[in-house]
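>>> Here's a sequence, model it:
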Amino acid sequence: MNIDRVSQGVQLAANVGVILSIMVLAYQIGEQRELMKAQNRTAAASEVIGLLVSEATDEGLVSAVRRSFDGEELSPDDRFRLDRISRAYLRYFANLHYQYRNGLYDEEEFRVARVGLKGRLSRPGVAAMWCDTEEGYSREFVAEVERLLPPGSSCAKGAEPR
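Okay, here's the model as predicted:
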């Protein structure tokens, strides 16, 4: 009987050890998730800073953006520059959306990103460019963008032209 009690005591201690190990593992997973969130936020900030710097320092792009907003005629090179920077921003926003959907970007930060995306989509020619490229994005991101397009805009067949 003494051996049975010792055996039960050892089993109990082993079970407590397993439970404690699981609790430590759960804590470590939570900490890792927070670290991943911080790393994703840093990467996203670096990415958008790079886009903003390129937009501010590339004289051809600066000129094309200004003339686009002023409604001036754009050369094929200007349209190409605007198309490329718009596609880069859309990829940036698609990445943020993916991180948000997977819990690595919080609601408040993504709310601000939506405002930025909505502003980007309201720029001359961006909504039309979006419609030309939307097939290259996830269904979830396409649905998000459709809600943010300027009033009267839609990529659906038969929609009003932009």
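>>> CA atoms for contacts and neighbours, from now on please.
OK.
>>> Report pLDDT for G158.
For G158, the pLDDT comes out at 44.
>>> Longest helix in the protein, by number of residues?
Longest helix in the chain, counting residues (DSSP state H): helix 2-57.
>>> And that one, what does it pack against?
helix 59-69, helix 76-101 (3 or more Cα pairs under 8 Å, 6 or more residues apart in numbering; DSSP states H and E).
>>> can we see that at 7 Å?
helix 59-69 (3 or more Cα pairs under 7 Å, 6 or more residues apart in numbering; DSSP states H and E).
>>> Let me see the residues that make contact with the helix it packs on.
Helix 59-69 has contacts (Cα atoms under 7 Å, 6 or more residues apart in numbering) with E55, A56, L74, D78, R81, L82, P124.
>>> Can you report how many residues lie near the last one?
The local packing count at P124 equals 16, with neighbours defined by other Cα atoms under 10 Å.
>>> Now it: phi and psi?
phi -50, psi 130 (degrees, to the nearest 10).
>>> could you list every residue that touches it?
S68, F69.
>>> Put the buried members of the contacts of helix 59-69 into a PyMOL selection.
Selecting the buried subset of those in PyMOL, with 16 or more other Cα atoms under 10 Å as the burial test, is done by:
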select buried, resi 55+78+81+82+124
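>>> about what we covered before: and the longest helix of the chain, average pLDDT?
80.
>>> for stretch 99-110, same thing?
pLDDT averaged over stretch 99-110 gives 89.
>>> Please put the alpha-carbon coordinates of that stretch into CSV.
Extracted in CSV, the C-alpha atoms of stretch 99-110 (Å, rounded to 0.1, in the frame of the first residue of the first chain):
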residue,chain,number,x,y,z
GLN,A,99,-2.2,41.4,-40.7
TYR,A,100,-5.4,42.9,-39.3
ARG,A,101,-7.6,39.9,-40.3
ASN,A,102,-5.0,37.6,-38.6
GLY,A,103,-5.0,39.6,-35.4
LEU,A,104,-1.6,41.1,-35.8
TYR,A,105,-2.8,44.7,-36.3
ASP,A,106,-5.3,46.1,-33.9
GLU,A,107,-8.7,47.7,-34.6
GLU,A,108,-7.7,51.3,-33.8
GLU,A,109,-4.6,51.2,-36.0
PHE,A,110,-6.5,49.6,-38.9
